[in-house]
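In: sequence and predicted structure below; questions after.
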Protein chains: 2
Amino acid sequence: MLDALFKPKSVAIIGASSNPLSIGHIVQKNLLDHDFKGPIYPINPKAVSIMSFRTYASITDVPDEVDLVNISIKNTLVPAVLEECGKKGVKFAIVHTAGFKETGEEGRRLEERIVAIAHAHGLRIFGPNSQGIQNSDPAVSVYANFTFVPMTPGNISIVAQSGGVGETLKLHLHKIGKGIRMYASFGNEADVSLNEIIDYYGQDEKTRVIMVHIETLRDPAGFLEVAGRVAPHKPILALKTGRTSEGAVAVASHTGSLMEQNTLTDVIFKKSGVLRFHSQEEMVNAAIAFSSQPVPKGDRAVIVTNTGGPAIIAVDECVSAGLKLAKLSDTTKERLKKLVFQEAIVSNPVDVVATAGPDQYGGTVAALLEDANIDSLLLVFVTAPFVDCEGIARRLGELGRTATKPIVCQVITIEKWAEVIRLIRESGIPVYDYAESAARVLGTMTQYGKFLLREAPSHVRFKVEKPMAEKIFERNKGKKGFLRQDEVFQILESYGIRGVKTLRVEREDDLEKAAGKIGFPLVLKVDSEEIIHKTEAGGVALNLKNKAELLAAFAKMTKTFAPQKPGYVLQAYAEAGQEMIVGLKGNKGLAPTMMFGLGGVFVETLRDVQFRLTPLSEQDVLEMIRSIKTYRLLEGVRGEGPRDIEALAEMMMRLSQLGTDIPWIDELDLNPVLVFEKGKGATVVDARIKAAL
Amino acid sequence: MLDALFKPKSVAIIGASSNPLSIGHIVQKNLLDHDFKGPIYPINPKAVSIMSFRTYASITDVPDEVDLVNISIKNTLVPAVLEECGKKGVKFAIVHTAGFKETGEEGRRLEERIVAIAHAHGLRIFGPNSQGIQNSDPAVSVYANFTFVPMTPGNISIVAQSGGVGETLKLHLHKIGKGIRMYASFGNEADVSLNEIIDYYGQDEKTRVIMVHIETLRDPAGFLEVAGRVAPHKPILALKTGRTSEGAVAVASHTGSLMEQNTLTDVIFKKSGVLRFHSQEEMVNAAIAFSSQPVPKGDRAVIVTNTGGPAIIAVDECVSAGLKLAKLSDTTKERLKKLVFQEAIVSNPVDVVATAGPDQYGGTVAALLEDANIDSLLLVFVTAPFVDCEGIARRLGELGRTATKPIVCQVITIEKWAEVIRLIRESGIPVYDYAESAARVLGTMTQYGKFLLREAPSHVRFKVEKPMAEKIFERNKGKKGFLRQDEVFQILESYGIRGVKTLRVEREDDLEKAAGKIGFPLVLKVDSEEIIHKTEAGGVALNLKNKAELLAAFAKMTKTFAPQKPGYVLQAYAEAGQEMIVGLKGNKGLAPTMMFGLGGVFVETLRDVQFRLTPLSEQDVLEMIRSIKTYRLLEGVRGEGPRDIEALAEMMMRLSQLGTDIPWIDELDLNPVLVFEKGKGATVVDARIKAAL
């Protein structure tokens, strides 16, 4: 529980100072300015008082209980001070001081030491190298942070890995008069973690929206668990930065794993229902709407405007954001036609024209709120100088207060009509500068609404021969590189995944027997972990029609690969089908990620692939299949019939089961999987598995 | 010349009124409030004075010359009033009044009538159904518009088809204290046109940036001509709305042609160097930077920050916007290391850390401005409470005033440091709320910089047999539908475009002779404009190896298509190559648009295509080829050699020449074009042409 961190009864400041440029001073002033509800104890061995507060030479001199300390002294002095805090029974220490893990090996050791000291006393550390925390709850009103954006109560809680990003988010909420609930920027995350904070926000009744900024997910499994629990109850809006390889380098030095982290973050967000943003502004805009508007029940939006052009922009953006333009019911159309001026356009957008007054504009919105064909409303409102604009705003405000559908708004106006914006915002309807912003917000809200209303996932458990697959993996214990081809196909078979018939051959003598079992035409392939690009190396002979061709191909191949001493496999020659790729990538501490996409040469050129975290339900795999850009190839184009999507989906679910059953898969690629026409199934032609055992 | 419109010496208001909610009143007040430098003549037959101005019963009663009138009387009264204006010698009439073309047939006739009346007198009409114009030039200071955003002088000129969008653009410039130069929202565009206004802005010395909002390009050829002339001298920033089919419907009712208009707008913008935006906010942000910052000479950006997280966002966005992270020179690194604090990171981003003062932050920017490896700078600046933030702002301001590289900035701060923002903005460095915005602006400026520095296009003129192609087209005069296959291949041949050998056959008797000329294996195809999907209909027989197979195929086909009485063609059977599509689409009054992309089934599924307006230079076609997503298929993947891109490029240039030489092409599709390995050329396998003659 983080109560003593976010709701401390008392705070001590270690590093308190009269110097207004010091962090200790700024934190004390922030606590004071925001009227912290408990006592503040400045700790300073040299001063008698700071800001008229009696000081204490050491935390141990404080006569009362202390829940929370803010530490901003030199890094090397931190261990001793924490030792004292521990003895005193302090519950949480916010360590602002930098010079720990982020500076290298020596700092890392110092960081480990302070955590060890703290934990020996049951004291917990927030940081080090951290900004601090805030809680606007009037019963606490704690601003234990050295930043400058003023705090007012609200229902949005923020946790940001970067203090600069956190400050930017707070700032833009503040600019439009929006308060926050809690705030935390946790720095090095040596002890109190991102996941604990999200969990805490999730349990906080007064938090309605959670905003998260992440650079590195330190505990992906923990995040998945917490976010998966919280997201169905309150929206989690997240920004993961360092998404380009250059950005990842700026976050840390190990690019490869960070690019993988970007995909991993994506699949974890998708799995848990976290809403991912790619810009701070869009995240702030969405948070504002979520904090006061109901979540839409569907994707049918209506646009109301009193000026044409911006409404067209709203249409473009709504459609781009995945919304549909609602069709007004006949009843609504009749109501509107009686209400609006003759020049008005009763369609979607509804253009009430610039001369519309409160009755026309307000009445239109009232009617649309009652139309069952409509899930959300986007209003464009220019304060035309010849109508009662405040009257319109008042009517919209009244409607906004009781609406059960989300309303978002663009207002085009200047200072002179500030009251218009105030009246609308006061009702909870968010006001944006641009129609584009309003439309994107509706898109995000609708996406969350879909997540809330999704049907319960149907996780099919297939009857499989798990022990056989396990046996093959165990046989390969300690092996680096890829498993033998015949073993790979045996593993697939044990999970009911159809592959072309594949037999291993070592010598020329094996050929005839194996060929007899499979039947011509045949394919001969080299099988060696040293030879990755088999085709290019001359390690694949296709469509061998008889014994003579087979022997010739084998003779040629054994000559080519004499140095590597590889094995070989014989395979049935597969008929043509749509080439797809399906794969798994192991994740430490988590189930593997499944990859699905268009196969063949397009894997590298188009990267038309989807990723999801296993285990996958039937809905999940169907969504993956439908989400690739070239899905129409599977539906059937140019007179060709549809492909066997059901068989493909089943193969993916079986593979998901394999991936979650067997924790030793590092990499698994089925490439290509041939998907035949509907009813004829799908089969794996080439496959490889790398185990981590 | 539009001088009398944008620089009127006198303005009369027809429809002047004491009613503060009337347009006449609002326009008069706007003129007064902005201190119009000439006389204002209110015209009203009933009032003696309005706002203490003596009124005139009719424009003909005004004793002095009148350059411009603003008309806001009832639509049916407009013709008579324009007749009087004409007699009076008025030069321009802004018609605010609605109820013309936009309302239907009757309105359209009224609109034609007022234009005829005006032109008979040499009077020009701005509108009708228009907002008006503004010119902030202190020598004129005319606000002949009924909107409300106050006007201050600046160097950005705006022309907006939608008044609501125009007002939004003005509003957000105004909000950050940025003035404008001229403004126009032209409504129905019955006379004075978008293109004339852009041309006028282009010639105006004090206009440095032009912002354009378009819903429908009425005269694409005129726009291309004007924009192509202006864009190399001053940036034209444009927003074309109605880009989704739903948005297009909201603009007008004929979807198909408007979706085509979206592509046409794109190719015209590309050809002329117009910068296209998809959001008002991004266009406003870019305009602000262009208005005061130099255009970058290259794509190497550096990021300077005093807080880590937002700089990572800047990196992500810069890279997404096509920028490269500059590598600091060794000299710069040495300079910086002497300057900044020990914790600072001298890399890109340069993190001067939050404790950096004016010497550290300012000195760093000064050094980077001198580094020849750097083309542009993005600064992230949080007003850390423990440093001299105004001092930093002052230093940045000094540097900004003389910098020859663009600088953009994100400042994270609150009201208390308003002076910081003021000082930076005053120097011309734009300040944005978010790092993302700043990065995107740099991306756009860099794109424009590339356009300015592009090499002169090399337009190759091939020696072709134009008369032969013309003859075939003329022979097909009046024919609807597609040309005969053999004629299509003859046209291609006359322009040196290689196709598989194609001969027409009518009867069985023709087969042997034709087959002899081409040689087996052969392809037999039906050739009829009624049969579009030949393959699906059974109209293509591939790989006919001998006379018997050919005769059998012909017999079957003639039976299948007996009702249609089609023709047939025999073609050489082409070897395998990469399937691409190349096409032309005719544009009325303009050269045709060329389409290029991945062929085969991917044309419909992936739409991996590029469009450009002909005539195309060598650079243009190479850029088209390199811009498709699957370009790597042409470069060679998985051990396959590269394809003959040179031959493909030449084919496209020859086709461009055909398209511009022969104005009768409505549609031309080469699908597929087979591109063979490097050195082996490319050939057209199937082609069709629809003429508009």
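Out: Nice, thanks for sending it over. None of these values were measured; they are calculated from a predicted model.

In: how about the closest residue to chain B within the stretch 1-150 of chain A, phi and psi?
Out: Of all residues in the stretch 1-150 of chain A, the one sitting closest to chain B is A:Leu21 (3.9 Å; Cβ to the nearest Cβ). Where C-beta positions appear, they are placed from N, C-alpha and C, glycine not excepted. Backbone torsions for A:Leu21, taken as degrees, to the nearest 10, come to phi -90, psi 0.

In: and for A:Ala687?
Out: Torsion angles, degrees, to the nearest 10, at A:Ala687: phi -150, psi 150.

In: test my guess that it contacts A:Asn671.
Out: Yes: between A:Ala687 and A:Asn671 there is a contact under Cβ atoms under 8 Å: 7.5 Å.

In: more neighbours: which of those two?
Out: A:Ala687 (24 against 19; other Cβ atoms under 10 Å in any protein chain shown).

In: looking at this, A:Val526 is in a strand?
Out: Yes: the assignment for A:Val526, made by DSSP: H, G, I helix; E, B strand; the rest coil, places it in a strand.

In: tell me, how many residues neighbour it?
Out: 22.

In: look up the closest residue to it, ignoring the ones flanking it.
Out: A:Gly539 (3.4 Å; Cβ to Cβ, 6 or more residues apart in numbering or on different chains).

In: A:Ile43 touches A:Ser17, doesn't it?
Out: No: A:Ile43 is beyond contact range of A:Ser17, at 10.4 Å (criterion: Cβ under 8 Å).

In: higher neighbour count, these two?
Out: Taking other Cβ under 10 Å, A:Ile43 and A:Ser17 do not tie; A:Ile43 has more neighbours (28 against 23).

In: grab the nearest non-local neighbour of that one.
Out: A:Ile14 is the one closest to A:Ile43 (Cβ to Cβ, 6+ apart), at 4.6 Å.

In: mind listing what's buried in the host helix or strand of A:Pro79?
Out: Using DSSP states H and E, A:Pro79 sits in helix A:78-88. By 16 or more other Cβ atoms under 10 Å in any protein chain shown, the buried positions in helix A:78-88 come out as A:78, A:81-86, A:88.

In: widest-spaced pair of those residues?
Out: Greatest spatial distance in the buried residues of helix A:78-88: A:Val78 and A:Lys88, 15.1 Å, computed using Cβ to Cβ.

In: what packs against the helix or strand containing A:Thr660?
Out: Assigned by DSSP H and E, A:Thr660 falls within helix A:645-661. The contact analysis (3 or more Cβ pairs under 8 Å, 6 or more residues apart in numbering or on different chains; DSSP states H and E) places helix A:645-661 against helix A:466-475, strand A:578-587, strand A:590-598, helix A:618-627, strand A:665-675, strand A:682-684.

In: looking at those, which is closest to A:Glu508?
Out: That would be helix A:466-475 among the helices and strands packed on helix A:645-661, by Cβ to Cβ, at 26.2 Å.

In: gap between that closest one and the chain center?
Out: 34 Å (Cα atoms, centre = their mean, to the nearest Å).

In: same deal with stretch A:397-417?
Out: 30 Å.

In: any idea of the mean pLDDT in that stretch?
Out: Averaging pLDDT along stretch A:397-417 yields 97.

In: what comes up buried for it?
Out: Per 16+ other Cβ under 10 Å, stretch A:397-417 contains these buried residues: A:397-400, A:403, A:405-414, A:417.

In: is any residue of that stretch near chain B?
Out: Yes: counting by Cβ under 8 Å from any Cβ of the partner chain, chain B has neighbours in stretch A:397-417: A:412-414, A:416.

In: so can I have JSON lines of those showing secondary structure?
Out: Shown next, in JSON lines, are the residues of stretch A:397-417 next to chain B (three-state DSSP):
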{"residue": "A:Ile412", "secondary structure": "strand"}
{"residue": "A:Thr413", "secondary structure": "coil"}
{"residue": "A:Ile414", "secondary structure": "coil"}
{"residue": "A:Lys416", "secondary structure": "helix"}
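
In: restricting to C-alpha, output stretch A:161-172 in PDB.
Out: Presented in PDB, the C-alpha positions along stretch A:161-172 are these (Å, rounded to 0.1, in the frame of the first residue of the first chain):
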ATOM      1  CA  GLN A 161       8.900   8.100 -16.000                       C
ATOM      2  CA  SER A 162      10.200  11.400 -17.300                       C
ATOM      3  CA  GLY A 163       9.600  14.400 -15.100                       C
ATOM      4  CA  GLY A 164       9.800  16.700 -18.100                       C
ATOM      5  CA  VAL A 165       7.000  14.800 -19.900                       C
ATOM      6  CA  GLY A 166       5.000  14.600 -16.600                       C
ATOM      7  CA  GLU A 167       5.400  18.400 -16.200                       C
ATOM      8  CA  THR A 168       4.200  19.000 -19.800                       C
ATOM      9  CA  LEU A 169       1.100  16.800 -19.200                       C
ATOM     10  CA  LYS A 170       0.200  18.700 -16.000                       C
ATOM     11  CA  LEU A 171       0.900  22.000 -17.600                       C
ATOM     12  CA  HIS A 172      -1.600  21.600 -20.400                       C
END
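
In: surely A:Gly362 touches A:Leu399?
Out: Yes: between A:Gly362 and A:Leu399 there is a contact under Cβ under 8 Å: 6.7 Å.

In: run through the bridge partners of A:Gly583.
Out: Here A:Gly583 sits in beta bridges with A:Met595, A:Asp669, as judged by DSSP bridges.

In: may I have the residues that are in contact with it?
Out: By Cβ atoms under 8 Å, 6 or more residues apart in numbering or on different chains, the contact list for A:Gly583 reads A:594-596, A:667-671.

In: how about 10 Å then?
Out: Taking Cβ atoms under 10 Å, 6 or more residues apart in numbering or on different chains as the contact definition, A:Gly583 lies against A:592-597, A:603, A:609, A:611, A:655, A:659, A:667-671, A:673, A:687-688.

In: kindly report the same for A:Tyr495.
Out: With Cβ under 10 Å, 6+ apart, A:Tyr495 has these contacts: A:462, A:464-466, A:468-469, A:651, A:654-659, A:661-662.

In: from the residues you listed, which is closest to chain B?
Out: A:Met651 (21.7 Å).

In: surely A:Phe100 touches A:Pro79?
Out: No: using Cβ atoms under 10 Å, A:Phe100 makes no contact with A:Pro79, being 11.2 Å away.

In: which neighbours do these two share?
Out: A:110, A:113-114.

In: next, give phi and psi for the residue of the stretch 401-550 of chain A found nearest chain B.
Out: Nearest to chain B in the stretch 401-550 of chain A, going by Cβ to the nearest Cβ, is A:Glu536, at a distance of 3.5 Å. Here is the backbone geometry of A:Glu536 (degrees, to the nearest 10): phi -60, psi -30.

In: any weak-confidence spans in chain A?
Out: Counting by pLDDT under 70, chain A contains low-confidence residues at A:248-259, A:639.

In: how about the secondary structure of the most far-flung residue of it relative to its centre?
Out: Largest separation from the mean C-alpha position in chain A: A:Ala548, at 56.8 Å (Cα atoms, centre = their mean). The assignment at A:Ala548 comes out as helix when based on three-state DSSP.

In: same check on A:Val226?
Out: A:Val226 ends up helix, using three-state DSSP.

In: dump the residue contacts of it.
Out: A:Val226 touches A:193-202, A:219, A:236, A:272, counting by Cβ under 10 Å, 6+ apart.

In: next one: A:Ile180
Out: Applying Cβ under 10 Å, 6+ apart, the residues near A:Ile180 are A:134-136, A:149, A:151-158, A:169-170, A:173-174, A:207, A:209, A:211, A:287, A:291.

In: excluding chain neighbours, what is closest to it?
Out: Nearest to A:Ile180 is A:Gly154, by Cβ to Cβ, 6+ apart, at 4.8 Å.
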